[in-house]
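**Student:** give me coordinates for this.
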Amino acid sequence: MAELVVVEDERAAGELVAGSIVSLIRRKPDAVLGLATGSTPLATYRALAARISDESIDVRGVRGFALDEYVGLPAGHPESYRSVITREVVEPLGLTPELVRVPNGDPEQIQHAGVDYEAAILAAGGIDIQILGIGRTGHIGFNEPGSSLASLTRVKTLTAPTRADNARFFDSPDDVPMHCITQGIGTILRARHLVLLAFGEAKADAIAAAVEGPVTASQPGSAVQLHPHTTVIVDEAAAARLENLDYYRHAWSNKPEWQGI
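**Tutor:** Modelled structure (predicted):
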């Protein structure tokens, strides 16, 4: 069973996760972070940036791997995930840009981009902590419903709901790319610690399916149940459909502090 933590809001979640990442970096200065994009992890990145600045933490050796990238957007496009990761993670945290990788969405190199990315993750020793969000369809990364639970980094076709959700970042819904390259579910499950974040009522069904439903490719987020160290952090609204909510609260309130998340 995944550990589930209910927090007051995104800020509280961000501080909790940032504390765990800071502890990791202090133990392992060349820690490898798995980086999600979108609005969900922004509070975590802000809290982490504040901790790094306030405590003068040396992050020059920290490495990072983004979950996914659009296919066909130039690297300099403001909504390419290379640009987003640079803007929202690398620069605020003070990471070394050359140590943060994003899947290659260049159509000219796409046929071997997935294999190349898998090799880079393995060469780095694997991801220590993978930050995840979850879509309304239950997708993690861009692994849409029907994705193999053993899948590795590859090209996927985005569903209409996912493109609609992402249209707010583009001038027109038609500008949202049809294809992406994403870490697979199997890739994600190789990380040593998964941290899944979700906020708001719109994510309640997806969280209930991921945490308490059957493990199925129809709900890609449910794959986190297969991982030995998964922490799911949600607000009250996102927790609203959970049947075992009282137990999760009880377990968290009685957890030894030294265990962290």
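
**Student:** list the contacts of the residue nearest to Gln225 when sequence neighbours are not counted.
**Tutor:** With sequence-adjacent residues excluded and distances taken as CB to CB, 6 or more residues apart in numbering, Gln225 is closest to Val215, at 5.3 Å. Any C-beta I mention is one placed from the backbone N, CA and C, and that applies to glycine too. Val215 makes contact with 149, 222-223, 225-226 under the criterion CB atoms under 8 Å, 6 or more residues apart in numbering.

**Student:** give me that answer again for 10 Å
**Tutor:** 149, 221-226 (CB atoms under 10 Å, 6 or more residues apart in numbering).

**Student:** show me where the stretch 51-200 of the chain has its strands.
**Tutor:** 63-66, 68-70, 100-101, 129-132, 154-157, 179-182, 193-198 (DSSP state E, counting those that start in this stretch).

**Student:** what about the helices in the stretch 51-200 of the chain?
**Tutor:** 81-85, 91-93, 110-123, 160-166, 185-189 (DSSP state H, counting those that start in this stretch).

**Student:** what's the last one packed up against?
**Tutor:** So that's helix 185-189. helix 110-123, strand 129-132 (3 or more CB pairs under 10 Å, 6 or more residues apart in numbering; DSSP states H and E).

**Student:** the third one too?
**Tutor:** With contacts defined as 3+ CB pairs under 10 Å, 6+ apart, the secondary structure elements packing on helix 110-123 are strand 63-66, strand 100-101, strand 154-157, strand 179-182, helix 185-189.

**Student:** what's next to the last one, contact-wise?
**Tutor:** Okay, so that is helix 185-189. 34, 65, 67, 114, 117-118, 121, 126-127, 130, 132, 139-141, 143, 147-154, 182-183, 194, 217, 220-224, 226-228, 230.

**Student:** pLDDT of that helix, averaged?
**Tutor:** The pLDDT scores in helix 185-189 average 98.

**Student:** so how far is that helix off the chain centroid?
**Tutor:** Relative to the centre of its chain, helix 185-189 is centred 11 Å away, using CA atoms, centre = their mean, to the nearest Å.

**Student:** what does stretch 41-53 give?
**Tutor:** On CA atoms, centre = their mean, the centre of stretch 41-53 falls 15 Å from the chain's centre.

**Student:** contacts for that stretch next, please.
**Tutor:** With CB under 10 Å, 6+ apart, stretch 41-53 has contacts from 9-22, 25, 33, 35-36, 57-59, 62, 85, 88-89, 91-95, 131-133, 195, 197, 199, 233.

**Student:** again with stretch 251-258
**Tutor:** Stretch 251-258 has contacts (CB under 10 Å, 6+ apart) with 1, 3-7, 244, 261.

**Student:** in PyMOL, select just the buried ones from those residues.
**Tutor:** A single PyMOL command selects the buried members of the contacts of stretch 251-258 (16 or more other CB atoms under 10 Å):
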select buried, resi 3+4+5+6+7+261
